[in-house]
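Student: Test case, fold it:
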Amino acid sequence: MDPTHTTPRAGSPAAGARPGRAAAAATALLAAAGILLVAVGPAASASVDRSWRGSVGASAANGTVTVVAIAAGTGSVTMRLKALPRRAPVTVTVRAGTCAKPGSVAATLPATRSSASGTVSRTVAVNRTAVNRMKAAKALIAQVRATGFSRCAVLRPVTSPGASPSPSGSPSPSASGEVEVRARDFVFSPATITIAAGKPAVVSFRNDDASIPHGVSVGSSVSAAPIAASAVITGVARTTFTIPALAAGTYTFWCPVHPSMTGRLVVSGVAGASVGPTASFPH
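Tutor: Numbering: from 1, shown residues only. Okay, here's the model as predicted:
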């Protein structure tokens with residue numbers, strides 16, 4: 001039986017413990033046994049140390065798993081899973097090694113349940129011990145299991161130490177207007193923004209996901225070095241950054257904490273807002 005789910009008997013010391021002490025004890029047990037916390041705690045800001053991402057199934061047919069380590073020492077695992085058995089228990093384990101030769105367990109995420117359409121969309125936090133194990137591993141994998149379902153995803157480095165840029169400076173007075181990007185439910189809106197070629201542009205970024213860190217990096221692709229980046233902000237907050245003058249073309253923007261969150265930057269002769277699908281978010 002899982003010790004974190006044992007019900008104290010009447011009359012036992014645990015049964016009469018104060019709620020605060022009981023919660024602290026449960027947290028200690030989770031830290032010792034599961035190496036993770038089930039919610040991302042609020043913070044003023046977060047700096048990404050490194051991250052990994054893996055495709056589940058051929059060509060990500062079953063989604064992705066993204067692991068992020070932040071400079072503070074903790075991290076998070078984001079599961080974007082699909083085409084799973086419906087309404088089934090789902091477990092995800094991050095291990096050192098390869099799919100052919102799995103090694104030691106770095107983190108076992110709390111079991112969850114797939115939706116009626118066979119999807120899982122969830123982010124959980126991992127503590128310092130789990131993050132240190134991941135960073136020490138020469139190779140990482142994520143094992144995804146459900147009833148009658150088992151897949152292994154190779155977690156490949158996305159961000160390495162020293163690769164994340166410092167936030168861009170203050171917006172330039174000569175910037176060609178301001179465009180806004182918002183993040184909610186791990187999706188950017190608008191999905192496409194347009195700015196003028198040859199001129200810097202100010203981007204106002206708003207995070208609408210409570211207690212979840214997000215940021216915006218801009219570059220030729222997610223795997224390329226960013227050209228510009230916002231600060232990573234946690235919870236409902238706003239920040240601005242400047243994209244330098246760029247040549248006409250199509251670029252990518254993404255969240256450095258959750259690289260599966262992406263959007264498209266179109267640099268053309270006309271500056272403007274979205275030309276792609278937009279979500280309606282209340283202020």
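Student: where does this structure have low pLDDT?
Tutor: 1-48, 159-177, 269-283 (pLDDT under 70).
Student: Let me know the next secondary structure element after the longest strand anywhere in it.
Tutor: Criterion DSSP state E: the longest strand present in the chain is strand 149-159. Using DSSP states H and E, the helix or strand that follows strand 149-159 in sequence is strand 178-184.
Student: helices and strands around the next helix or strand after that following strand, which ones?
Tutor: With elements assigned by DSSP H and E, the helix or strand that comes after strand 178-184 is strand 187-189. Judged by 3 or more C-beta pairs under 8 Å, 6 or more residues apart in numbering; DSSP states H and E, strand 187-189 is in contact with strand 178-184. For glycine as for every other residue, the C-beta is placed from the backbone atoms N, C-alpha and C.
Student: one more time with 6 Å
Tutor: In this structure, strand 187-189 packs against no helix or strand, with contacts taken as 3 or more C-beta pairs under 6 Å, 6 or more residues apart in numbering; DSSP states H and E.
Student: Is V232 in contact with G215, as I believe?
Tutor: Yes: counting by C-beta atoms under 6 Å, V232 touches G215, with 3.7 Å between them.
Student: what's the overlap in contacts for the two?
Tutor: The contact sets of V232 and G215 do not overlap (C-beta atoms under 6 Å, 6 or more residues apart in numbering).
Student: What is the burial count for V267?
Tutor: As a burial measure, V267 scores 21 neighbours (other C-beta atoms under 10 Å).
Student: any idea how far it lies from T194?
Tutor: 8 Å (C-beta to C-beta, to the nearest Å).
Student: Check V124 too.
Tutor: 36 Å.
Student: ok, now F149?
Tutor: 41 Å.
Student: Ok, G54 next?
Tutor: Distance from G54 to T194, by C-beta to C-beta: 32 Å.
Student: Equivalent analysis for K82, please.
Tutor: Taken as C-beta to C-beta, the span from K82 to T194 is 30 Å.
Student: likewise S220?
Tutor: Taking C-beta to C-beta, one finds S220 at 17 Å from T194.
Student: between those two, which one's more packed in?
Tutor: Ranked by neighbour count (other C-beta under 10 Å), S220 and T194 place T194 first, with 20 against 13.
Student: Checking that one next. Helix, strand or coil?
Tutor: Using DSSP: H, G, I helix; E, B strand; the rest coil, the secondary structure recorded for T194 is strand.
Student: The stretch 1-150 of the chain: helices as residue ranges?
Tutor: 19-33, 128-136 (DSSP state H, counting those that start in this stretch).
Student: what angle separates the shortest one from strand 149-159?
Tutor: Computed by axes from the mean of the first three to the mean of the last three C-alpha atoms, to 10 degrees, the angle separating helix 128-136 from strand 149-159 equals 80 degrees.
Student: I'd like to know which elements helix 128-136 is packed against.
Tutor: strand 102-108.
Student: Now do the buried residues in the strand it packs on.
Tutor: 106-108 (16 or more other C-beta atoms under 10 Å).
Student: What pairs with that strand, parallel or antiparallel?
Tutor: Strand pairing for strand 102-108, using DSSP bridges, gives strand 89-97 (antiparallel).
Student: residues making contact with the partner strand?
Tutor: Contacts for strand 89-97 (C-beta under 6 Å, 6+ apart): 79, 102-109, 111-114, 120, 137, 139, 141-146.
Student: and the chain, what are its domains?
Tutor: Structural domains annotated on the chain: 48-159, 178-268, as defined by automatic domain parsing.
Student: Between the two ends of the last one, how far is it?
Tutor: Going back to what we said before, that points to domain 178-268. Terminal residues of domain 178-268 lie 15 Å apart, using C-alpha to C-alpha, to the nearest Å.
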